[in-house]
Every structure is written in C-alpha cells, then in structure tokens.
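Undergrad: What would the 3D arrangement of this be:
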Amino acid sequence: MSIQFYQDNADDFFEGTVNVDMSNIYQHFTKSLNDSALILDAGCGSGRDTKAFLDMGYYVEAFDASTELVSRASLYAGIEVKHAVFNDVDCTAKYDAIWCCASLLHVPEIDLPDTLSKLANALKPSGIWYVSFKYGDSQREKDGRSFTDINEQRLAELVSNLSNIEISSTWITEDNRPDRDEKWLNAILVKR
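TA: Model prediction:
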C-alpha cells in the first residue's frame with residue numbers, strides 16, 4: 001500500500017522532503033561515528049540524508065522500495081541507490097551505522113521484529129542505529145499509506161527481542177516540515 005503511494009506521488013514527496021533541515025538529528029547520529037564510517041540509509045526516500053552524509057565525508061549505501069524515489073534519490077545524491085526492501089538486507093556486520101529516518105514506520109507491527117533483526121545483523125558490533133517513528137501506539141492508514149506508530153514503551157518492547165541491541169537515547173521532536181504538527185519518536189540504538 002505505502003509503496004504505491006510513493007510511486008504515485010514521488011515528485012510531491014521529493015519536493016516536500018528534500019530540503020527539510022535535519023541537522024538537529026544528524027548531530028545525534030554522527031557524533032560517535034568515525035570519519036570513514038559506512039552508513040546504510042535504509043528507506044532513503046528523496047536521498048536527502050544520503051547526500052548529507054556523503055557531503056560530511058562518510059561512505060553511504062542506500063536503498064528504497066519505490067523505484068520512482070530510487071531514480072530521484074540516485075540523481076540527487078549522486079550515487080547508485082538500490083531498489084530494495086528491508087527484507088533484502090542479508091549481510092552480516094557490514095555497516096558502522098544504519099539510518100532509518102521515517103522508513104520503518106511503514107513496516108506492519110507484526111513484521112517489525114523480523115525486520116529489526118535483519119538490520120541488527122547487518123550492523124557491526126559497536127555500530128550506531130538511528131530510527132524514527134511517528135509518536136503513538138497504534139497502527140493506522142492515512143492517505144494511502146500504512147503507519148506503525150511507536151512510543152518509548154513499544155520501542156523498548158521491540159528492542160528487548162534483539163539480543164545484542166540496546167537503546168542509547170530517545171527524544172521527541174516536532175516535525176521539521178513547517179506545514180506539519182506531528183510528533184516523532186527518535187532513538188539511537190547501539191549494538192553491543
């Protein structure tokens with residue numbers, strides 16, 4: 001359902017997100033990264049964050065489930081963005097960091113444990129993992145997209161099922177887009 005939304009609305013989504021200032025969140029994510037870190041931008045959307053991390057000097061791989069966004073993100077970021085979904089991530093201890101900004105929120109709650117386990121497996125020991133969800137405790141549909149909203153308790157329950165991942169910090173932000181009044185749960189996870 002959500003993928004079709006992004007296929008049908010790729011131009012509007014790209015234009016509405018590519019210039020959003022995310023520097024306040026980048027600071028939380030990058031402060032513990034080495035200069036040569038390899039980051040996976042999982043569900044990269046417009047490619048905004050892929051480009052930002054490349055501009056900071058990091059190595060970045062990125063994917064998205066929408067072919068329309070893959071083509072726009074590839075052009076914008078200047079790298080080959082792969083067409084893939086979370087379940088296609090099958091590597092082990094490859095990435096120093098994983099960035100899941102507003103992407104895991106489209107995974108149905110019942111599938112989140114397996115998806116998180118795959119991503120955790122792809123992260124190196126001591127790796128950093130950023131996740132964000134719209135703040136809440138329900139599953140819902142809106143305008144052709146499905147959302148799994150997460151609060152601190154639900155995140156703690158999900159992470160407790162991952163034997164080698166712990167929550168380093170959580171914080172709530174307002175949407176960085178000026179026309180939105182939604183709250184987001186942000187979290188930095190670390191792999192032991």
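Undergrad: what about residue 98, distance to residue 120?
TA: 9 Å (CB to CB, to the nearest Å). C-beta coordinates here come from the backbone N, C-alpha and C atoms, glycine included.
Undergrad: In terms of neighbours, single out the busier of these two.
TA: Comparing residue 98 with residue 120 by other CB atoms under 10 Å, the one with more neighbours is residue 98, at 25 against 19.
Undergrad: in this protein, which spans are helices?
TA: Assigned by DSSP state H, the helices in the chain fall at 2-8, 10-17, 23-30, 48-55, 67-77, 112-122, 152-160.
Undergrad: To residue 87, which of these lies closest?
TA: For those, the distance to residue 87 is smallest for helix 112-122, at 6.5 Å, taking CB to CB.
Undergrad: what's that closest one packed up against?
TA: strand 95-100, helix 152-160 (3 or more CB pairs under 8 Å, 6 or more residues apart in numbering; DSSP states H and E).
Undergrad: so what strands line up beside the shortest one?
TA: By that I understand strand 95-100. Strand 95-100 pairs in its sheet with strand 38-42 (parallel), strand 123-134 (parallel), by DSSP bridges.
Undergrad: Quick one: mean pLDDT over that strand.
TA: Averaging pLDDT along strand 95-100 yields 98.
Undergrad: That strand versus helix 23-30: what angle between them?
TA: Here the directions of strand 95-100 and helix 23-30 differ by 150 degrees (axes from the mean of the first three to the mean of the last three CA atoms, to 10 degrees).
Undergrad: Pull the distance from strand 95-100 to the chain's centre.
TA: Put simply, strand 95-100 sits 9 Å off its chain's centre (CA atoms, centre = their mean, to the nearest Å).
Undergrad: next one: stretch 182-192
TA: For stretch 182-192, the separation from the chain centroid amounts to 10 Å (computed by CA atoms, centre = their mean).
Undergrad: got the CA positions of that stretch in CSV?
TA: Listed next in CSV are the C-alpha coordinates belonging to stretch 182-192 (Å, rounded to 0.1, in the frame of the first residue of the first chain):
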residue,chain,number,x,y,z
GLU,A,182,3.2,15.8,14.2
LYS,A,183,5.5,14.5,16.9
TRP,A,184,8.2,12.0,16.2
LEU,A,185,10.0,9.4,18.4
ASN,A,186,13.7,9.4,17.6
ALA,A,187,16.1,6.8,19.0
ILE,A,188,19.7,6.0,18.8
LEU,A,189,20.3,2.2,19.2
VAL,A,190,23.8,0.6,19.7
LYS,A,191,25.0,-2.9,19.1
ARG,A,192,27.0,-4.5,21.9
